[in-house]
Each structure stands twice: as C-alpha cells, then as structure tokens.
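Asker: I'd like to go over a predicted model; first the sequence, then the structure.
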Amino acid sequence: MTTRSVVHNSFTLEREYPLPPVEVFEAWANPRIKVRWFADNAVGYTMDFRPGGLEQNDATLPDGKRITWESLYREIVPDHRIVYTSVLSEDGTVATLTLTTVEFVPEGTSTRLVLTEAGAYLDGREQPAWREEGTAGWLDKLGQHLTEKAQV
C-alpha cells in the first residue's frame with residue numbers, strides 16, 4: 001500500500017550568462033536549441049512555445065520506469081519572463097506539480113536568469129532536493145551552450 005503524503009517546497013536558482021536577454025530567451029524558446037540542453041532524449045521531446053502551448057519530455061529510466069514531464073505555458077513576455085505549470089509523472093502516476101517563473105534580467109551585456117519554482121511533491125515519488133538538483137543541472141547545461149555561443 002502506498003503511503004499518501006504531500007510535501008510543499010519552493011526554491012530559487014540564479015545564473016549569470018555572458019549574452020544579452022534576447023539570446024538567453026531564444027535558447028529557452030526555440031525547441032531546436034532547448035532540446036540540446038534540456039532533454040536527454042530528443043525523440044521523446046516536443047515543445048509548442050506559446051501561451052497555452054505544451055512542452056513534453058518522455059524518458060525511460062535505467063530501472064524501466066517511464067517518466068513524463070509536461071508543462072503548460074501560462075505567460076510569455078519575450079526577453080523578460082516565462083511562467084509555466086508542470087506535472088511530472090512516473091509510470092502514469094502524478095509525482096509532482098509545480099509553478100515556475102523564469103526571469104531574464106539584463107546585467108550590462110549579460111543576463112541574470114532567475115528561476116523560481118513552487119511545488120507539491122506527492123507520496124514520496126520525487127524529493128524537493130532532487131528537483132532542485134536536476135533544475136540546477138539544466139541551467140548549467142544552458143550556461144555551457146551560451147558560453148560556447150558567446151565564444152564564437
């Protein structure tokens with residue numbers, strides 16, 4: 001029998017990137033770019049980047065579990081802000097529901113990205129620390145992509 005529980009958590013992550021907000025936003029908004037730093041499996045990844053549009057990423061873990069991540073874009077202010085809600089499911093069972101805001105703040109010729117996420121973690125299927133660590137990893141991969149682009 002599954003033990004029922006809900007853990008609420010929020011976190012904020014900040015990163016400095018060496019390009020202006022328009023280019024950092026583009027790396028987030030363009031599915032051909034985002035798949036490179038966000039999705040490990042391009043085959044299971046789709047993105048409709050518009051208010052009301054869905055982004056989905058399906059993956060199978062080494063232990064055979066199927067993980068599905070689905071986000072609904074709620075607000076997009078080009079070069080400034082993205083707001084979306086997400087559901088992470090494991091083998092068809094909801095594990096986590098979140099609200100995420102991504103801000104693109106100009107800092108001279110660079111960008112300070114501020115990502116804030118609030119979530120409900122259900123029945124111990126995902127832990128808040130895992131989510132924060134995974135999100136930090138995405139932002140680090142985004143930084144690698146942007147640094148390479150800035151050096152060209």
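Answerer: Looks like it came in fine. Remember, it's a predicted structure, so these values are computed and weren't measured experimentally.
Asker: all helices for the chain, in order.
Answerer: 21-29, 31-38, 128-151 (DSSP state H).
Asker: right, so of those helices, which gets closest to Glu75?
Answerer: Distance to Glu75, taken as C-beta to C-beta, is lowest for helix 21-29 among these, at 13.0 Å. Bear in mind the C-beta positions are built from the backbone N, C-alpha and C, glycine included.
Asker: Now tell me what touches the closest one from outside.
Answerer: With contacts defined as C-beta atoms under 8 Å, 6 or more residues apart in numbering, helix 21-29 is touched by 17, 33-34, 37, 49, 76, 78-80, 82, 102, 104-106, 111, 113, 142, 145-146, 149.
Asker: Recalculate using a threshold of 10 Å.
Answerer: Residues from elsewhere that reach helix 21-29, judged by C-beta atoms under 10 Å, 6 or more residues apart in numbering: 15, 17-19, 33-34, 36-38, 47, 49-50, 73, 76-82, 102-107, 110-113, 142-143, 145-146, 149-150.
Asker: Can you report how many residues neighbour Leu146?
Answerer: Number of residues near Leu146 (other C-beta atoms under 10 Å) recorded here: 22.
Asker: Distance-wise, check it relative to Ser10.
Answerer: Shown here: Leu146 relative to Ser10, a distance of 26 Å by C-beta to C-beta, to the nearest Å.
Asker: now do Ala59
Answerer: 25 Å.
Asker: the more surrounded of these two?
Answerer: Ala59 (15 against 12).
Asker: OK, contacts around the more buried one?
Answerer: 39-41, 43-45, 65-69.
Asker: Report the beta-bridge partners for it.
Answerer: Judged by DSSP bridges, the bridge partners of Ala59 are Ile67.
Asker: Kindly provide the distance from it to Thr3.
Answerer: Ala59 sits 26 Å away from Thr3, going by C-beta to C-beta.
Asker: the longest strand in this protein is where?
Answerer: strand 93-107 (DSSP state E).
Asker: Okay then, goodbye and thanks.
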